[in-house]
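Visitor: build me a model from this:
(one chain, ligands or ions: 3)
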Amino acid sequence: MGRVGVLLLNLGGPDKIEDVRPFLYNLFSDPEIIRLPSKALQKPLAWLISTLRAKKSQNNYLEIGGGSPLRKITEDQGAALEKRLQQLGQKAKIYIGMRYWHPFTQEAIAEIKQDGIEKLVILPLYPQFSISTSGSSFRVLEEMWAEDPKLQKIEYTIIPSWYDNQGYLTAMADLIAQELDKFEHPEQARVFFSAHGVPVSYVEEAGDPYQEEIEKCTNLIMETLGRSNPHTLAYQSRVGPVEWLQPYTEDALEELGEKGVKDLAVVPISFVSEHIETLQEIDIEYRELAEESGIENFFRVPALNTHPTFINSLAELVVESLNSPPCTFGEVTHPKKNMKMYPQEKWQWGMTTAAEVWNGRLAMLGFLALVMELISGNGPLHLVGLL
Ligand SMILES: C=CC1=C(C)c2cc3[nH]c(cc4nc(cc5[nH]c(cc1n2)c(C)c5CCC(=O)O)C(CCC(=O)O)=C4C)c(C)c3C=C
Ligand SMILES: [Fe+2]
Ligand SMILES: [Fe+2]
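Guide: Ligands and ions are numbered 1, 2, ... in the order given. Here you go, the predicted model:
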């Protein structure tokens, strides 16, 4: 086997407060996050939303120390994985490719080429596949491969998702059990899985397997845990005006509080690292809401980070994929063609009258929104939840 590399994919996060706006701009420029009927509107709208959302987002990052810990944790995971692979007799260099912030996927690929990597395992740090996360990174890589004869010489294989990997499930169950045992009556506490949400249209129109993988994953973790605690699955972090997967975490918390639930162990299930949505959204916002709703003991299960069983499971996945037939970009889910992810309604493609009317309307709406927000600090984008 020639020189082996492992490319870890993740979303990336702003390292410091000044990075927040450009990070948001990169995120909202991605058609897998917001897809508009007109390509020409993507960048102006990304600029508008990132400019207007930056303050709120910066305040959230200030609450967790002024930046995202995602880069440092991912680097630690990479170092631990490299060491574990070495122990298993597999020499490999680990690369980190973030989708929206440093180190960008393009930077990782440049290094991979420079190092003369001959065999590459592409491993997203998202246990479940979504077109908005792993799918978006795969698309970027697929485009790079299509344009670069040097990359085409690298034998690569993808691990599309690994939510059902036994080592991962065992590590999750271990962390949940540790948290449950902190309650006075561990057997009575409810296990509350909070998955990252996606718009319903991703699943129902674009064919995203994310919801199915989340549901299966939740059941597998409960089976592995082997305790009879009741459990709930809800979806967090909704952004924008369209309908997202339900139940929403905030509604489910209120409902449980009303039903008299007092003890809750909250499990972040779509991420393997601490970041803004665990440290700020769950630990601060949802905790406050839960307490207001009457939930007395709100314990949060930590993210896996460098949990040894988890790192070992990643190493095993890498070794297994090196010894299996390759999985290529063409084999993973692509959003269905002509699928409009935002806003929701039926659309006819092409330069139709409807397209022209909507281009104009959207541009006007964007401009009006900008003016209103700037003058009043309030406006339609606040109203629909984008700011
Ligand atoms: C607007 C749509 C968004 C979709 C769809 C979405 C899906 C999605 N995201 C993650 C994981 C992460 N998201 C992070 C940041 C982040 N995501 C969105 C929006 C969508 N995400 C925004 C606006 C932001 C910026 C933060 C904010 O202003 O709220 C991050 C990085 C966090 C960090 O520490 O910086 C992660 C990780 C998943 C798993 C997912 C769908 C499955
Ligand atoms: Fe996100
Ligand atoms: Fe989010």
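Visitor: which residues are in contact with stretch 128-147?
Guide: 9, 11, 30, 32-33, 97, 99, 105-106, 109, 122, 124, 126, 151-152, 156, 158, 160-161, 163, 195, 198, 202, 206, 208-210, 213-214, 217, 270, 329, 332-335 (Cβ atoms under 8 Å, 6 or more residues apart in numbering). Any C-beta I mention is one placed from the backbone N, CA and C, and that applies to glycine too.
Visitor: of those residues, list those near ligand 1.
Guide: 11, 33, 126, 198, 210, 270 (Cβ under 6 Å from any ligand atom).
Visitor: about what we covered before: show the buried residues in the contacts of stretch 128-147.
Guide: Taking 16 or more other Cβ atoms under 10 Å as the criterion, what is buried in those is 9, 11, 30, 32-33, 97, 99, 105, 109, 122, 124, 126, 151, 156, 158, 160-161, 163, 195, 198, 202, 206, 208-210, 213-214, 217, 270, 329, 332-335.
Visitor: tell me, how many residues neighbour F299?
Guide: 15 (other Cβ atoms under 10 Å).
Visitor: next, it: secondary structure please.
Guide: strand (DSSP: H, G, I helix; E, B strand; the rest coil).
Visitor: list the contacts of it.
Guide: 179, 182-183, 189, 263-266.
Visitor: per-residue confidence at it?
Guide: As predicted, F299 sits at a pLDDT of 98.
Visitor: against A79, how distant is it?
Guide: Going from F299 to A79 by Cβ to Cβ, to the nearest Å gives 29 Å.
Visitor: before we move on, what about I154?
Guide: 23 Å.
Visitor: and for the residue in the stretch 151-300 of the chain positioned nearest to ligand 1, the neighbour number?
Guide: For the stretch 151-300 of the chain and ligand 1, the shortest gap (Cβ to the nearest ligand atom) falls at H275, measuring 3.0 Å. For H275, the neighbour count with other Cβ under 10 Å is 23.
Visitor: so it touches G13, yeah?
Guide: Yes - with contact defined as Cβ atoms under 8 Å, H275 reaches G13; the gap is 5.8 Å.
Visitor: list residues touching both of the two?
Guide: 68-70.
Visitor: least confident of the ones next to ligand 1 among the contacts of stretch 128-147?
Guide: Taking pLDDT as the measure, those have their low point at I33 (93).
Visitor: returning to what we had before: please flag which of the contacts of stretch 128-147 sit within strands.
Guide: 9, 97, 122, 124, 156, 158, 195 (DSSP state E).
Visitor: that older thread, so of the contacts of F299, which ones are in strands?
Guide: 263-266.
Visitor: nearest to V239, of the ones in strands among the contacts of stretch 128-147?
Guide: Using Cβ to Cβ, A195 is the member of these that sits closest to V239, with 14.8 Å.
Visitor: for the closest one, give me its contacts.
Guide: Residues near A195 by Cβ under 8 Å, 6+ apart: 128, 214, 218, 233-236, 245, 269-270.
Visitor: rewinding a little: looking at I154 and A79 now, which is surrounded by more residues?
Guide: Here I154 and A79 are compared on neighbour count by other Cβ under 10 Å; more neighbours surround I154, at 19 against 13.
Visitor: re the thing from before, could you dump the ones in strands among the contacts of stretch 128-147 into CSV with distance to K43 and pLDDT added?
Guide: Below are the ones in strands among the contacts of stretch 128-147 laid out as CSV (distance: Cβ to Cβ, whole Å; pLDDT from 0 to 100):
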residue, distance to K43, pLDDT
L9, 23, 98
G97, 22, 98
I122, 27, 98
P124, 26, 98
Y156, 30, 98
I158, 29, 98
A195, 30, 98
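Visitor: hmm, which two among the residues you listed are most spread apart?
Guide: Most distant of those, by Cβ to Cβ, are Y156 and A195, 28.8 Å apart.
Visitor: close to ligand 1: what parts of the stretch 151-300 of the chain are there?
Guide: Residues of the stretch 151-300 of the chain lying near ligand 1 by Cβ under 6 Å from any ligand atom: 196, 198, 210, 239-240, 270-271, 275-276.
Visitor: and which of these is nearest L225?
Guide: The closest of those, once distances to L225 are taken by Cβ to Cβ, is S270, at 18.0 Å.
Visitor: excluding its backbone neighbours, what's nearest that closest one?
Guide: The spatially closest residue to S270, leaving aside those adjacent along the chain, is H196, at 3.9 Å (Cβ to Cβ, 6 or more residues apart in numbering).
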